[in-house]
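Q: Next comes the sequence, and after it the predicted model I'd like to discuss.
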Amino acid sequence: MEVITHDMIRELDISPEQSIQWVENGFKMKHECQLPPKTSLKLEGNIFYNTMPCIMETINSAGVKVVSRYPKRSPSLESHILLYSTETGSLEAIIDATWITAMRTGAVAALAIKTFAVKNFQTVSLVGLGNTARATFEALLSIYKDKLLKIKLLKYKDQAEDFINRFSKAPNVEFEICENFEELVFNADVILSCVTVAENLFGRDELYKEGVLVVPVHTRGFQNCDLFFDKVYADDKEHVSNFKYFDRFKKFAEFSDVLLGKTEGRADDNERILSYNIGIALHDIYFARQIYDRLMNKGKIINFKTPNDKFWY
């Protein structure tokens, strides 16, 4: 068994374009996988532990990711993956999933924007400007290298300024810092939220113009949109079927079925669309397999000597 660290993954220099291709590949394999809903255990203070299993026999992979959130920790989200071979049952690697979690989430969000936004979109509003938002924006820039993007950021501490500084060299981007949510979403073509905790709704119904795409990466703050948006898409039905208003969605489909051509995506420029990117273990395990194959025999080897005979106390 190998231990694969965050630094080892970063040294692979995996491009945003590659990450987007991996999430699309994963989506197209979804119906061949075993993907139960994640299990979430919560503690006081907005602390949680999520356990996310998946089996992907097509790529000889099974695994589970455990992700935890501690608001006072930096970064607040931390995750690890156990990767197994479905052919032998052997544990092949323990993998730091910090980069995987951020980049696969960002790549899915960017792919959702490419798939569901109006074709001539220009104004993108962002709330929650941590690693996930940065990963999403990096992926988005890799798709739209020559498209002028007007990016509106919600002011919070120094996050907006830090975000602008991070992407200051992007030649096709104009930034604007907004003082409140109403200003942020005014006339926005795409609204991307990477906020992990939201106690209340972000905005009134009338703030969301016709044709808008809302991508709530962590699902919070947009429950009112569930009731009047024209279409709702998600990574996986079982992960959203317990939503309060799930039975009242006007139209629902899985993202993978749109990519496979089994169901319709955006039909016109007037549809308001929600794309719930819940984050599924399918992508974690797909990324883990690709990374493991690239780093095979380069990680720290740990020999777990499994008993060959029955073991009794």
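A: All right, it came through fine.
Q: where's the nearest residue to residue 133 once chain neighbours are set aside relative to residue 207, distance?
A: Among residues not flanking residue 133 along the chain, residue 194 sits closest, at 4.3 Å (C-beta to C-beta, 6 or more residues apart in numbering). Every residue, glycine included, has its C-beta placed from N, CA and C. The gap separating residue 194 from residue 207 is 19 Å, by C-beta to C-beta, to the nearest Å.
Q: same deal with residue 1?
A: The span separating residue 1 from residue 207 equals 51 Å under the rule C-beta to C-beta.
Q: what are the phi and psi angles of the residue nearest to residue 133?
A: Backbone torsions for residue 194, taken as degrees, to the nearest 10, come to phi -120, psi 30.
Q: all numbers from here: first residue = 95
A: Sure, I'll start numbering at 95, so the last one becomes residue 288.
Q: so what's it up against?
A: 220-224, 226-227, 230, 311-312 (C-beta atoms under 8 Å, 6 or more residues apart in numbering).
Q: ok, what's across the strand from the closest residue to residue 378 other than its chain neighbours?
A: Nearest residue to residue 378 in three dimensions, chain neighbours excluded: residue 159, at 4.5 Å (C-beta to C-beta, 6+ apart). Legend: beta-bridge partners of residue 159 under DSSP bridges are residue 146, residue 175.
Q: do you know how far residue 159 is from residue 281?
A: Counting by C-beta to C-beta, the gap between residue 159 and residue 281 amounts to 38 Å.
Q: which one of these two has more residues nearby?
A: Between residue 159 and residue 281, residue 159 has the larger neighbour count (other C-beta atoms under 10 Å), namely 27 against 12.
Q: you'd agree the more buried one is up against residue 174?
A: Yes - between residue 159 and residue 174 there is a contact under C-beta atoms under 8 Å: 7.0 Å.
Q: mean confidence score for stretch 311-326?
A: Per-region confidence: stretch 311-326 scores 91 on mean pLDDT.
Q: Model confidence score at residue 210, please.
A: Note for residue 210: predicted pLDDT of 99.
Q: ok, it to residue 217 distance?
A: Here the criterion is C-beta to C-beta. By it, residue 210 lies 15 Å from residue 217.
Q: which of the two has more neighbours?
A: The residue with the greater number of neighbours, taking residue 210 and residue 217 and applying other C-beta under 10 Å, is residue 210; the counts read 22 against 18.
Q: looking at it, the more buried one is touching residue 371, isn't it?
A: No - the pair residue 210 / residue 371 is not scored as a contact, 10.9 Å apart, by C-beta under 8 Å.
Q: Report how many residues lie close to residue 258.
A: The number of residues packed around residue 258, counting by other C-beta under 10 Å, is 17.
Q: mind listing what it touches?
A: Going by C-beta under 8 Å, 6+ apart, the list of residues near residue 258 reads 247, 269, 271.
Q: Report the secondary structure state of it.
A: Classification of residue 258 using DSSP: H, G, I helix; E, B strand; the rest coil returns helix.
Q: Give me the pLDDT for it.
A: We note a pLDDT of 98 for residue 258 in this prediction.
Q: Also the one 10 residues further on?
A: What the model reports as pLDDT for residue 268 is 97.
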